[in-house]
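[1] one predicted model, sequence on top.
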Amino acid sequence: MVVVRNKRARGKLRANKRFPLSKTGEVQLLLTQTIDPLGKQGDIVNVKPGYAVNYLVPQGLAVIATEHHKRMVLKHRAKLAEIQKKRLASLNTLADEIRSKSISIEAKASAEGHLFGSVGPADIVKALRAEGIVLAQEQVRLSGPIKELALYTVKIYLGHGVESELKVWVVPSVSDK
């Protein structure tokens, strides 16, 4: 029987019994959440035993990387890939729908066609919502403020690298005619 009288040595003994160490003296863990300096959720990382015992495992940020956990991660990644593929297909469908649309926005303008104010992303999102397409203002990418009556091509970023273009007609409001 080994009797350890030093508290520091006792902690190391517990860490060694609790976690299997590699040849380099590190513990192999599976991250359950994304941690910036270490990696993303589902990554297998090697960390010092103290970091594992005192922070990662008690906080629920990581678990010991057993074969069972590794298989579970592979299955989970396959499901995520399937979900991502469906999401990308729906975004491409939405991009085609937006590309086929053209919206008109009424604005007060002078006789020369200069707007009193400007048309921004909020106006475009509101007009699209009336057409049945729901977007966030951050998804509308304007190259500059719209300050004249004309036809504009506006870029719409839907996420995951999917972009579309929308034709926006800025026309004088009915009260200006």
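    Yep, it's here. Numbering: from 1, shown residues only.
[2] strands along this structure, start to end?
    Secondary structure of the chain (DSSP state E): strands at 27-31, 44-47, 62-64, 102-107, 114-119, 140-141, 146-148, 150-159, 162-172.
[3] tell me which residues are up against the fifth one.
    Right, strand 114-119. Residues from elsewhere that reach strand 114-119 (Cβ atoms under 8 Å, 6 or more residues apart in numbering): 105, 107, 108, 109, 110, 145, 146, 147, 148, 149, 168, 170. Heads up, the C-betas are built off the backbone N, CA and C, glycines and all.
[4] quickly list the domain ranges of the protein.
    7-71, 96-176 (automatic domain parsing).
[5] lowest average pLDDT across those?
    Of all the domains of the chain, mean pLDDT reaches its minimum on domain 7-71 (a mean of 82).
[6] on that earlier part again, could the domains of the chain go into JSON lines alongside mean neighbour count and distance to residue 80?
    Below are these laid out as JSON lines (neighbours: other Cβ atoms under 10 Å; distance: least, Cβ to Cβ, whole Å):
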{"stretch": "domain 7-71", "mean neighbour count": "14", "distance to residue 80": "9"}
{"stretch": "domain 96-176", "mean neighbour count": "14", "distance to residue 80": "13"}
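[7] make a markdown table out of those and add distance to residue 89.
    Listed next are the domains of the chain as a markdown table, based on distance: least, Cβ to Cβ, whole Å:
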| stretch | distance to residue 89 |
| --- | --- |
| domain 7-71 | 23 |
| domain 96-176 | 10 |
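[8] tell me if I'm right that residue 154 and residue 135 touch.
    No - using Cβ atoms under 8 Å, residue 154 is not in contact with residue 135; the gap is 11.0 Å.
[9] quick revisit: widest-spaced pair of the contacts of strand 114-119?
    The largest separation in the contacts of strand 114-119, counting by Cβ to Cβ, is between 110 and 168 at 19.5 Å.
[10] how near is the nearest residue to residue 174 once chain neighbours are set aside to residue 122?
    With Cβ to Cβ, 6 or more residues apart in numbering as the criterion, residue 174 has its nearest non-adjacent residue at 6.8 Å, and that residue is residue 106. For residue 106, the distance to residue 122 (Cβ to Cβ, to the nearest Å) stands at 14 Å.
[11] next: residue 92.
    Relative to residue 122, residue 92 is positioned 26 Å away (Cβ to Cβ).
[12] quick check: longest helix of the protein.
    Taking DSSP state H as the criterion, the chain has its longest helix at helix 67-100.
[13] and that one, which residues are buried?
    69, 73, 91, 94, 95, 98 (16 or more other Cβ atoms under 10 Å).
[14] compute the inter-axis angle for it and strand 162-172.
    Put simply, helix 67-100 runs at 30 degrees to strand 162-172, going by axes from the mean of the first three to the mean of the last three Cα atoms, to 10 degrees.
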